[in-house]
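Enquirer: mind folding the following:
(2 chains)
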2 protein chains.
Amino acid sequence: MGEARAGASFESRELTNIIHGDAETVQAREAAFSRVEKVLQSSNMSKLPGAFGEVNRTGQLMDGLRIGKAMLEERLQHKDSVFARITPQYWFANASPFGLHFLMFIPALKLLASPEQLAHWLPLAESAKIIGTYCQTELGHGTFLRGMETTATFDQVADQFLIHSPTTSSTKYWPGGLGYSSSHAIVMARLLIAERDYGVHPFIVQLRSLEDYTPSVGVELGDVGLKVGHNSSDNGYAIFTHLCVPRTHLLMGTAQVLRDGTYVAGPHDKLVYSTMLFARKAIIDTVYLQLAQAVTIAIRYSVVREQGNLQFDASDSREIPILAFKSQNYRLFVLMARAFALLFASRRGAKIYDEMIASRASGNHRALAPAHANIAGLKAYVTQTTADGVEDARKCCGGHGYLDMSGFTNIVTTATAMATLEGENFVMYQQTARFLIKSVSVQDVTLDESVAYLRLHVPEARLGPVADFLDPEIQLKVFRHRAARLVMEYAEALRVAQTRDVSAAHAWNTHMMGLISAARAHIEYTVLSAFVDQLRLVQDRPVRAVLQHLSSLFALSCIDSPHGLGFVEDGYISAPHLRQIRASIDKLLEVLLPDAVALTDVWNFSDASLQSALGCWDGDVYERMMQWTRQIPLNVSAAKTGGVFRPGFDEYIRPILRGKL
Amino acid sequence: MGEARAGASFESRELTNIIHGDAETVQAREAAFSRVEKVLQSSNMSKLPGAFGEVNRTGQLMDGLRIGKAMLEERLQHKDSVFARITPQYWFANASPFGLHFLMFIPALKLLASPEQLAHWLPLAESAKIIGTYCQTELGHGTFLRGMETTATFDQVADQFLIHSPTTSSTKYWPGGLGYSSSHAIVMARLLIAERDYGVHPFIVQLRSLEDYTPSVGVELGDVGLKVGHNSSDNGYAIFTHLCVPRTHLLMGTAQVLRDGTYVAGPHDKLVYSTMLFARKAIIDTVYLQLAQAVTIAIRYSVVREQGNLQFDASDSREIPILAFKSQNYRLFVLMARAFALLFASRRGAKIYDEMIASRASGNHRALAPAHANIAGLKAYVTQTTADGVEDARKCCGGHGYLDMSGFTNIVTTATAMATLEGENFVMYQQTARFLIKSVSVQDVTLDESVAYLRLHVPEARLGPVADFLDPEIQLKVFRHRAARLVMEYAEALRVAQTRDVSAAHAWNTHMMGLISAARAHIEYTVLSAFVDQLRLVQDRPVRAVLQHLSSLFALSCIDSPHGLGFVEDGYISAPHLRQIRASIDKLLEVLLPDAVALTDVWNFSDASLQSALGCWDGDVYERMMQWTRQIPLNVSAAKTGGVFRPGFDEYIRPILRGKL
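Expert: Modelled structure (predicted):
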C-alpha cells in the first residue's frame, strides 16, 4: 500500500483542499470529525464496529439517537456546519433521527415563516429546545403535492385549524424522526376555509409534549418499520384526528388566514415547493461523497487483493493485484472520474440555487423555473449515478463486498434511498424535460443561461474525422450536440402530435422515454461543463493534470457507455471515432494507474467514517477481517460453549441428525 | 385489481403450466408450498411477517434453521425436489443454513467420489444423518483454484492427510452453513505428497462431532458475520491446524493416492471444476424467479398506486394508476419480458449441461469446454440481468419499495449475491470470450453447435431498410450480426497484437472490455434464440401470442437499451431503424397492457412466498401496510408506554431538550 501511495504524480493534500474548499475548511472538518469520533469511540480500528454485531431494530434506533445527539452537540457547541448535512459516516443526514431538524425543519421555517413567526420559532429550533421534522409524504401520495389528502380546516369560532387524516391513504408516512424522535413538525395539508379548498399549505404542529413526549391529543404516531437502510432513524407515520393548532401556526410566508377567515395569498404560489427544492439541492451537495467512499474502499482493496493471473500458462499459480486487470481498472477509474464530476456538478447546483435565492430576494421570481428544472435533473443524475456506482464498486470487491464489515452495505443502502426520496428520478427528469421543451418552443428573448446553448446549436450531421477527443472543447461540443439534437427532436415530435390533434398529455406520454433521455443528455452536458469550468480555476499544475485526465475519462466513458447510444445513433459519432475514444480511454487509464491510492486519500475519509475492513488506510485487509470476525457476538458466545451454537443445535440440528423430523 | 385481472387476453393457468413444466408439476409445487407454509405458519397475510419485526442476527439464524428444517423435512418425506434449489421464498437455497447440503454437497459427492465412496456417503447424506457443505473459497482466493493455499499433506506413516491453513489468507471463508450448521464438508486443498504439489483436490472432512457438534480437533469454525442479505445462513470460516483425515477421504473420482503414496491421476483433470459448473447451472435454473417476483410486486402495486396525472392543467388533482405512465409501463414490461427470456434461457442452459453429462458418461469430454464457456456466460447474464432488474423494479415502487415489508429488501439482497458468488461476472464473461476466440481462431472441423453461427456469418455493412422488427428471424439476424462482428473484431485485434510481438496476456488485458462485450453479445443472442425456439413449442394460441409479444419486447428493448451501442456503432442499425424499433416497442407495450396483472399471476407465487405488503394477490395495499405497521414490535411496545419510545427519550432526547448536551 505504501508503495502504491508513493508513486502518485501530485501532492494529495492540494487536491483535498480543492475538494473541500480550502485548507482552513479541511482542518476544521478534520477537527470536527475527530471530536465526534472521540465521543462515539469509533476510531479504534482493531475493534469490530458495533453495527456489524448483534444489533436489532431497537438497538439500531438507540445507536442512531446516540450518533444524532453527538452530531447535535457538535453543531451547537462548535457552530460548525459539517454535521448539518451528513452523519459522521457521510450518510445524508436524514439517516439520523434528528437529521431533518437541521436539514429541513429549520430551512423550511426560514423559507415559509413570516418574520414574526421566525423570531419565535427559530431560536427554539436552533437551541434544540424543540426537535422538528418535515411532514409531507402520505401513504398514497408522494411528491405530487396536488394529490395530497390531509386537511387543515379553519374553525373560525375557536380561531384554529383542525388537522385531519380523512382516509388510510392520507396517513402521513415516511418523514424522518416522525415516529418517536420529533416534538414538532411542519405538516403539509390542504387548507379548507368554509368548505373552499385553497390547496396545500404548511402548518407548524406540536406532535408531542415537551415534558414527557406523549403524543398530542389527536395524533397517532409510530415507526414505519425496517427498511433497506436508514434503520438508525425512525421514519414514522402520523394519523391526525381533528388535531387543533392555533391559526397563527399556518406558516405565513406563503399565505395568511385572517381572524374572520379571509384568505390572503402570498407573494408566489410556488413557494410551497421551495422546501423540496432546497432538499434536492442538499442531496446534490453531499451524495457524491458516498460514491467517493465506495471507490476509495474498492480501489484500496483492489491494490491489496490478488486474483488469478494474466498468463495463459495453467501451471502458473502466481496471482497479481486485481487493479491490474483492465476490467477492474476501467470500472473503478470511471467511477472515480464520476465522483469528481458529481463533486463539481454540486458546485454548479449550488450556484444555480444561490442565484435563484438572491434574485428572489430582490423580488424577481424568473429564476425559479430554470433552477427547479436543473436541480430536479441534477438530483436525478447524481443520485442514480451514485446508486449505480456504489453498487458496482461493491461488486468490484467480489464476495467480500457482500459482508457488512466491508462498509458497503451501509453505503449502498443509504445511497440507493437518495434515488427515490424527494422526487423519484424518472419524475425529476420529466420536470427538466418540460423546461427544456418550453425553452425551445416558446420564443422568449431571455432564455436562461443553462439552456442558451440550445438556441445557438447548429445541427451538424457528423463530427469531423480528426477530432482530438482529449480536448475539452471537442468533448463539450459532442455533449452539446447530443443534448440539443434530442431536445429538438422531441420538441418537434410533440409539435407534430399537436398538429394531429393528439392531446398534449397523450403526446407527452408517448414520447416520455425520449424526453427523459433528452433531459438526461442536457444534465450530463451540464455536469461536464461544470467539470471543465472548474479545471480552469486550478492553480497547482500536477493537480490540474490529474483532474484533466479524470475529466476526459468522465467525458469519454459517457460516450462509450450504457447511456452512449444517443451519441452514436445519428451517426454523429462514427465507428472510427469510437475506436479513437477507446484508445484514448486506454491511455488515460494507463496514466492514472499510479495515482490510484492517492486519489482515494484526497477525499480525506477517516477510517472511522468508512467503517470498512477492506478500505482502511493501512491496507491491512485480511488480518483486520479475521480480527473483526472473531469479535462477532455469535462467535464470542459460541466460543464459550465449546464452539457450538447451542440454541440452533438443540432446537433444530440434533432432531434432524436423530431422524426426528 | 379484479378489473385489471379480467381484461387478460389468455388463460393464465395455461402459461403457468408452461412456466413450471406441466399441469402435474404445477399441482405438485402448489402442494409442496402449502405444506411448508403450513409448517412455517407464513400464510396469514394479516400478520406482520416475523422477519420485518425486531429480529437480531441470532434470531435471523434461528429463523433460517427453522425454515431449513422445514425444507429438509418436506424433501425427505415427500421426495420432491422443489426445495432442493430454492427456499419457500424463492431464494437460491444457499440462503438456508442447510442449503448447500442438497445444492452442492450431494452433487459434489456424485461428481467426485468413487463408486465405493458414494455407496458409503450418499445414504448418510440423503437421510440427513450428516449435514454437508462445500468448502472452496478462501479469504484471499476466489474461483481461481490454482491460487488456493490450503494444503492436504500425505502422512504415509499414519496413512492419512493433514489438512492445514498455512496463512491468514488461506482461511476458508464464505461457505454456506460452515459456521455452525454443518457436520461435514468437501474441502478443496492442494494435495502434497513427499513435498510434491499435485494441485487442488477434494477431501471429505468431518467438521463436528455428530454427538454434540463440537468442532473436530484441528479446526476453528465460526460465522463470517452480517451480510447484505442471506443472514438466515451462517456462512462461515474454517482455520485448519493439521487436521487428520483418513487417506480414503480423498474423493477418488478425480485421483487416487495409494498406500505407498503413489499418485494415480483420474480420467480428466478438469473434473475438480465440475462442482462449480453444476452450481452455476443451478443458479441459472432458479434466479429468474426472483426477477419474476420483483416484477409481480411492482406491477400489482403499480395498478393500485395512483400518482400525479398526465394533464398539464395545474388545477387537476385527480391521480391515475402509475402503470399508465409510459416510463413505468416501459420499465416494468421490459423487466417482465426479461424474466421470461431468462426462464427459457435456463432451459437452454439445462440442455447444454445435460448433453455434456451424457456425452461424458460415454467417455467423451469434448462437450466440457463449450458447456463451461456457455454456462459461465449465461450465469453472468442471468444474474446481472436479475440483480439490475429487481433493483429497478424496487425503484419503480418509489419510497415504499424501500420498506422491508415491500418484500424487495429480501429479493434485492439475495439476488445481488448471485452476481458475485460462484464466479464473478466479469471473470465469467472472459471464460466465454476465450472459448469464442478459440472457436474462430482455430481451424476445427467440429465447431460446437452453440457457436456454429460464427463461421456461417457473412458480414453485411447495414441491415436492409424494410426490416419488420417484429419478425423473430430479423431479430435473430440482428443479434447474430452484432455477436459475430464483435467476436471477429476482437479475434482480429488479438491476432494483430501477436504479429507485433505483444504477449498474449498483455493483448488480452488491453482488449478485455471489448472481449467482454463480445461474450455478452454472444450470450444475449443465445438467450433470444432460446426464447424464439420455445415459442415454436407452444400450442395454445393466445398464450403463444402473448409470449411472442414478450419475446419481441425483449429483443427490441435490448437494441434500444443501455447495452445497445454494439448494434448501432457500426451503422448496421441506423437512426431510421431505431425509430421503427421504438415505434414497435410502443405498439407492444400497448398490446400487453391489459395482460399486466395476468402476467404476474402466471408465475403462481403464493402471498406467503412473496411476503410483500405491496404485492399481495388482492391488491389491498394501503390497508395491509397500516395493519402490518401497527404490529411492528417497536410500535407495540411504545403503545404500552403512552406512545413514547422510553429508552430513547430517557437516554437521549430528554437531555437534549433540557439543554444537557
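Enquirer: what's the pLDDT at residue A:218?
Expert: Residue A:218 carries a pLDDT value of 98.
Enquirer: could you list the domains of chain A?
Expert: Using automatic domain parsing, the domain parsing of chain A gives A:1-59+A:66-91+A:287-630, A:101-271.
Enquirer: mean pLDDT lowest for which of these?
Expert: Looking at those, the bottom one is domain A:1-59+A:66-91+A:287-630 with a mean of 91.
Enquirer: quote the end-to-end distance of it.
Expert: 25 Å (Cα to Cα, to the nearest Å).
Enquirer: what about stretch A:438-457 and chain B, touching?
Expert: No: Stretch A:438-457 lies out of reach of chain B by Cβ under 8 Å from any Cβ of the partner chain, never closer than 10.8 Å. (C-beta placed from N, C-alpha, C; glycine too.)
Enquirer: contact partners for the nearest residue to residue A:564 once chain neighbours are set aside?
Expert: Leaving aside its sequence neighbours, residue A:564 sits nearest to residue B:565 (Cβ to Cβ, 6 or more residues apart in numbering or on different chains; 5.3 Å). Residue B:565 makes contact with A:560-562, A:564-565, A:568, according to Cβ atoms under 8 Å, 6 or more residues apart in numbering or on different chains.
Enquirer: for residue B:573, see how far away residue B:565 is.
Expert: 10 Å (Cβ to Cβ, to the nearest Å).
Enquirer: that older thread, most widely separated two among the contacts of residue B:565?
Expert: For the contacts of residue B:565, the farthest-apart pair by Cβ to Cβ is A:562 and A:568; their separation is 12.2 Å.
Enquirer: neighbour count: the two, which is higher?
Expert: Each of residue A:562 and residue A:568 has its neighbours counted (other Cβ atoms under 10 Å in any protein chain shown); residue A:568 has more, 24 against 12.
Enquirer: show me what contacts that one?
Expert: A:559, A:578, B:565, B:568-569.
Enquirer: cool, residue A:100 as well?
Expert: Listed by Cβ under 8 Å, 6+ apart, the contact partners of residue A:100 are A:93-94, A:132-134, A:175-177, A:182.
Enquirer: swap in residue A:374?
Expert: Per Cβ under 8 Å, 6+ apart, neighbours of residue A:374: A:349, A:352, A:432, A:435, A:450, A:523, A:526.
Enquirer: give me the angle between the helix or strand containing it and helix B:368-395.
Expert: Using DSSP states H and E, residue A:374 sits in helix A:368-395. Interaxial angle, helix A:368-395 versus helix B:368-395 (axes from the mean of the first three to the mean of the last three Cα atoms, to 10 degrees): 140 degrees.
Enquirer: how far is helix A:368-395 from where the chain is centred?
Expert: 7 Å (Cα atoms, centre = their mean, to the nearest Å).
Enquirer: and the next element down the chain from it?
Expert: In N-to-C order, the element after helix A:368-395 by DSSP H and E is helix A:408-418.
Enquirer: residue in chain A with the shortest distance to chain B?
Expert: Nearest to chain B in chain A, going by Cβ to the nearest Cβ, is residue A:562, at a distance of 3.3 Å.
Enquirer: how about the nearest residue to that residue, chain neighbours excluded?
Expert: Nearest to residue A:562 is residue B:562, by Cβ to Cβ, 6+ apart, at 3.3 Å.
Enquirer: with residue A:644 instead?
Expert: Spatial nearest neighbour of residue A:644, chain neighbours left out: residue B:213 (4.8 Å); criterion: Cβ to Cβ, 6+ apart.
Enquirer: now residue A:479
Expert: Distances taken as Cβ to Cβ, 6+ apart place residue A:525 nearest to residue A:479, at 4.1 Å, with adjacent residues excluded.
Enquirer: got the buried residues for the strand or helix carrying the one you found?
Expert: Secondary structure assigned from DSSP H and E places residue A:525 in helix A:512-535. Buried positions in helix A:512-535, judged by neighbour count with 16 or more other Cβ atoms under 10 Å in any protein chain shown: A:512-532, A:534.
Enquirer: that one versus helix A:368-395: what angle between them?
Expert: 90 degrees.
Enquirer: just how off-centre is helix A:512-535 within its chain?
Expert: Taking Cα atoms, centre = their mean, the mean C-alpha location of helix A:512-535 is offset from the chain mean by 17 Å.
Enquirer: tell me what it is packed against?
Expert: helix A:326-361, helix A:368-395, helix A:425-441, helix A:472-499, helix A:541-559, helix B:326-361 (3 or more Cβ pairs under 8 Å, 6 or more residues apart in numbering or on different chains; DSSP states H and E).
Enquirer: elements contacting the shortest one?
Expert: In other words, helix A:425-441. In terms of contacts (3+ Cβ pairs under 8 Å, 6+ apart), helix A:425-441 is packed against helix A:368-395, helix A:452-456, helix A:472-499, helix A:512-535, helix B:326-361.
Enquirer: is stretch A:484-496 positioned near chain B?
Expert: No: Stretch A:484-496 does not reach chain B (Cβ under 8 Å from any Cβ); its nearest approach is 9.8 Å.
Enquirer: flag every buried residue along that stretch.
Expert: So, applying 16+ other Cβ under 10 Å, buried residues of stretch A:484-496: A:484-491, A:493-494.
Enquirer: what do you get for stretch A:72-81?
Expert: The neighbour-count check on stretch A:72-81 (16+ other Cβ under 10 Å) flags A:72-75 as buried.
Enquirer: ok, and which of those residues reach chain B?
Expert: Contacts with chain B are made by A:72-73 out of the buried residues of stretch A:72-81, judged by Cβ under 8 Å from any Cβ.
Enquirer: and the buried residues of stretch A:72-81 as a markdown table, adding distance to residue B:206 and secondary structure?
Expert: Listed next are the buried residues of stretch A:72-81 as a markdown table, based on distance: Cβ to Cβ, whole Å; DSSP: H, G, I helix; E, B strand; the rest coil:
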| residue | distance to residue B:206 | secondary structure |
| --- | --- | --- |
| A:72 | 55 | helix |
| A:73 | 55 | helix |
| A:74 | 54 | helix |
| A:75 | 58 | helix |
